[in-house]
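>>> I'll drop the sequence and a predicted model, then ask my questions.
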Amino acid sequence: MKNVKHPLAAALMWMSSAACAFAAGNGVSALEKANSEIKSYVEPITSLFYVLCAVVGFIGAVKVYAKWSSGSPDTTKTAASWFGACVFAVVAVTAIRAFFLD
């Protein structure tokens, strides 16, 4: 502050730096609060997605069975895509859960 010639400018600079420091302290507590709120939502949402994966997996299994029963030639392709989608869904939900929880 040696380069500042006017005392009012020095006071304004000091007050703005003090306000920034005060705001940063409040920002940290707000981020910690948001983090704890997000962590409280992760478990129920994970369970919901697992239920959704089970329902979609069951519907896909019925679809594959219907194709297999009718003798459709692309049953193998449908079964492979159904199985891959189920594996991806479970891995994605698990990865997202691991990302949000410590």
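Ah, there it is. Numbers count the residues shown, from 1 in each chain.
>>> quick one, phi/psi of P73?
Dihedral angles of P73 (phi, psi; degrees, to the nearest 10) stand at phi -70, psi -20.
>>> so it versus G57, what's the distance?
23 Å (C-beta to C-beta, to the nearest Å). (Glycine included, C-beta is placed from N, CA and C.)
>>> so which of these two has more stuff around it?
The neighbour count for P73 versus G57, taken as other C-beta atoms under 10 Å, is higher for G57 (16 against 7).
>>> count of neighbours near the closest residue to the more buried one other than its chain neighbours?
Once flanking residues are discounted, G57 sits nearest to C86: 4.8 Å by C-beta to C-beta, 6 or more residues apart in numbering. Neighbour count for C86, taken as other C-beta under 10 Å: 16.
>>> so C86 is in which element?
helix 75-100 (DSSP states H and E).
>>> next, the buried residues of that helix.
Of the residues in helix 75-100, T75, T78, A79, W82, C86, A89, V93, R97 count as buried by neighbour count, 16 or more other C-beta atoms under 10 Å.
>>> can you map out the strands along this protein?
Using DSSP state E, no strands are found in the chain.
>>> what about the helices in it?
Using DSSP state H, the helices of the chain run over residues 7-70, 75-100.
>>> could you identify which of these is most buried?
helix 75-100 (a mean of 13; mean count of other C-beta atoms under 10 Å).
>>> list the helices and strands it packs on?
Judged by 3 or more C-beta pairs under 8 Å, 6 or more residues apart in numbering; DSSP states H and E, the packing partners of helix 75-100 are helix 7-70.
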